[in-house]
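Enquirer: Whatever this is, show me its structure:
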Amino acid sequence: MGNVDYDYPHSGMNMNNVGENHVKHRVDIPPPQPFLKSMKHAMKETFFPDDPLRKFKNQPASKKLVLGFQYLFPIFEWAPNYTFQFLKSDIIAGITIASLAIPQGISYAKLANLPPILGLYSSFIPPLIYSMMGSSRDLAVGTVAVGSLLMGSMLATEVNPNQNPSLYLHLAFTATFFAGVLQASLGFFRLGFIVDFLSHAAIVGFMSGAATVVCLQQLKPMLGLEHFTHGADLISVMRSVFTQVHQWRWESAVLGCVFIFFLLITRYFSKKQPKFFWVSAMTPLASVILGSLLVYFTHAENHGVQVIGELKKGLNPISITELVFVSPYRTTSIKTGLIVGIIALAEGIAVGRSFAMFKNYHIDGNKEMIAIGTMNIVGSFTSCYLTTGPFSRSAVNYNAGCKTAASNIVMAIAVMLTLLFLTPLFYYTPLVVLAAIIVSAMLGLIDYQAAIHLWKIDKFDFVVCVSAYFGVVFGSVQMGLVIAIVISVLRLLLFIARPRTFVLGNLPNSAIYRNIEHYPNANRVSGILILKIDAPIYFANASYLRERISRWIDEEEDRIKATGETSLKYIILDMSAVGNIDTSGISMLEEINKISERREQQLVLVNPGSEVMKKLNKSNFQKDMGGNWIYLTVEEAVRACNFVLHPCKTNPKKDESEGWNNV
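Expert: Predicted coordinates:
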């Protein structure tokens, strides 16, 4: 790297004289603010970044009451403007997603070790609640495979669903209640940022792993097995499958493979021909009808093909008296509810935001949490288990052209009619068809393309994704979730504890300073080391930064000795990216300043933020370092340093077109 020389007028060594010919823009200390005002601002930025109360400003009391009611129940905001065209679109979308919700609901309830009728119950009441309280136009509410599997695996470790089905059912309602309480509380107290600790990479790995496990669980009905492991990991499932080879039923296997192929080929067709999206949406219900007719006419239930059996007719019975709040099951219900609640919340909000982005409208994350939480609380009182907004159903709703959340009402009405009149028709529905529906849906969640993308973009994110996947597949769903969260938080801590620092150099013919590793043509400035700190300075990284800056200084001095350049006299710290600093960070700067003084070097700060400047001023650090050595830009700091280093040095005048006159 070459050196950069500058023109400086000879006006003495006093730094105050630099301003006679070169304007120094002073770094101001922000005006003092009362503690309560500062705290109020910090709380507002933390919990109310979207400023949800702005619509209430300067409004009369009656208007505020109406706006508040509309905030809690968005249906009263869009219903007055509802049109007949909207109704036609929502009816089509609602009937379409109902055709998917009915077979999926029955399938996912079996996945949670619950009676199949609960899947229909959970597709009736919760969608009605969400249609009144939700802010997404496209989210289609219902049960989800991953949440069902997670709830089933966690509750089954405490209570055997076959030996004590009544207690198991009550625990499922109780876990759903606690999941709803958690979700609504996060929204009410504006704590939705907690969900953000599940990174995109962690969610991709976890969901793919859970989808793989769900597919493995379907080997039981696919092979017609009576007994199956309660473990969800790959090894347990494979051991259970291959120790019962003599009990495999080829009839179920053939039937399952045929329907899986049928479901996948129709999905492929719908993707290639988007206008025929309804083909893929209708296929699960068509599979149920075809499978039921096949069993009915061939009496396949007598040849190893298991069927659902009788489904109770009627609407949701009240279950509020069946919640279990006594030991030792209370802890299990709370733990299960918290975990499945977080997963359901992350999925529902992510899906809602995705489709809102496609249609260019905004959804309130905290409002969504309240809506999802409320529908699960009410659902637990009405014989429903965990519900959220699954991607597959919401995608069908979106493609069907839904206009408002009224499509959920249409779906709920269709499910209600099914509960009242059509449940006997499901008696001959083969379990293997439900397994095929689950497998076809889960294959879409194994997002290998996202994993490949992560590998190309960020290797650490790929490690997070793969770790979560293998944690689920070879451990358990809970273990995979814990691994995903731990690795994501660990990465966050690494970003905080090990922030990047790098050397800046001057780009030729400019007053711009950039990372010399990023811009190899950037020139080091003789006698000056310019470092940039790329993160806030806290107790977690203060020690690291002290050691790293000291090492940068040592390396620069070694480089200078090797090249025979001017000795190092100034260390400039560009603090543009340092948004905040604590007392440990200030102590670190004081130590760096003392180290510099012992080496007869001067520490210079550039562009500290308002919070940083306020704390530096209160700590008297500004006075300790000479008061004048804080500059607004790197350019000004380099000018001042070079003025002292080369008071008599002049360079030939550079052409203005080269930009040197500004340096």
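Enquirer: quick one, strands of the chain?
Expert: Taking DSSP state E, the strands of the chain run over residues 501-506, 513-515, 528-533, 570-574, 602-606, 630-631.
Enquirer: Double-check Pro430 against Val295; I have them as touching.
Expert: Yes. Under the criterion of CB atoms under 8 Å, Pro430 lies in contact with Val295, with a separation of 5.3 Å. For the C-beta atoms, the positions are set from N, CA and C on the backbone; glycine is no exception.
Enquirer: ok, those two, which is more surrounded?
Expert: Pro430 (27 against 23; other CB atoms under 10 Å).
Enquirer: so what's that one up against?
Expert: By CB atoms under 8 Å, 6 or more residues apart in numbering, the contact set of Pro430 is Ser252, Leu255, Gly291, Ser292, Leu294, Val295, Ala300, Glu301, Val305, Gln306, Val307, Ile308.
Enquirer: what's the spacing between the closest residue to the fifth one other than its chain neighbours and Trp250?
Expert: Read it as Leu294. With sequence-adjacent residues excluded and distances taken as CB to CB, 6 or more residues apart in numbering, Leu294 is closest to Ala300, at 6.6 Å. When distances are taken as CB to CB, to the nearest Å, Ala300 and Trp250 turn out to be 12 Å apart.
Enquirer: Neighbour count for those two, which is higher?
Expert: For Ala300 versus Trp250, neighbours defined as other CB under 10 Å are more numerous around Ala300 (20 against 11).
Enquirer: ends of stretch 234-251, how far apart?
Expert: Criterion CA to CA, to the nearest Å; first-to-last residue distance in stretch 234-251 is 24 Å.
Enquirer: what does it rub up against?
Expert: Residues outside stretch 234-251 that contact it (CB under 8 Å, 6+ apart) are 212-213, 216-217, 219, 223-229, 231, 300, 303-305, 473-474.
Enquirer: Now do the shared contacts for Pro430 and Val295.
Expert: Residues touching both Pro430 and Val295 (CB under 8 Å, 6+ apart) are Glu301, Val305, Val307.
Enquirer: The first one against Tyr427, yeah?
Expert: No. Between Glu301 and Tyr427 there is no contact under CB under 8 Å: 9.6 Å.
Enquirer: Restricted to buried residues, select the contacts of Pro430 in PyMOL.
Expert: Buried subset of the contacts of Pro430, written as a PyMOL selection, criterion 16 or more other CB atoms under 10 Å:
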select buried, resi 252+255+291+292+294+295+300+305+306+307+308
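Enquirer: Could you list which of the contacts of Pro430 belong to helices?
Expert: In helices, defined here by DSSP state H, the members of these are Ser252, Leu255, Gly291, Ser292, Leu294, Val295.
Enquirer: OK, contacts around the last one?
Expert: Meaning Val295. Listed by CB under 8 Å, 6+ apart, the contact set of Val295 reads Glu301, Val305, Val307, Tyr428, Thr429, Pro430.
Enquirer: In CSV, list those along with distance to Phe277 and pLDDT.
Expert: Written out in CSV, the entries for the contacts of Val295 read as follows (distance: CB to CB, whole Å; pLDDT from 0 to 100):
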residue, distance to Phe277, pLDDT
Glu301, 34, 76
Val305, 31, 77
Val307, 30, 83
Tyr428, 29, 87
Thr429, 24, 86
Pro430, 26, 87
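Enquirer: Between these, which sits nearest Ser135?
Expert: Thr429 (35.7 Å; CB to CB).
Enquirer: Show me what the helix ranked longest in the chain packs onto, helices and strands only.
Expert: With secondary structure taken from DSSP H, the chain has its longest helix at helix 329-359. Under the contact definition 3 or more CB pairs under 8 Å, 6 or more residues apart in numbering; DSSP states H and E, helix 329-359 sits against helix 145-156, helix 165-188, helix 200-217, helix 365-381, helix 391-399, helix 477-497.
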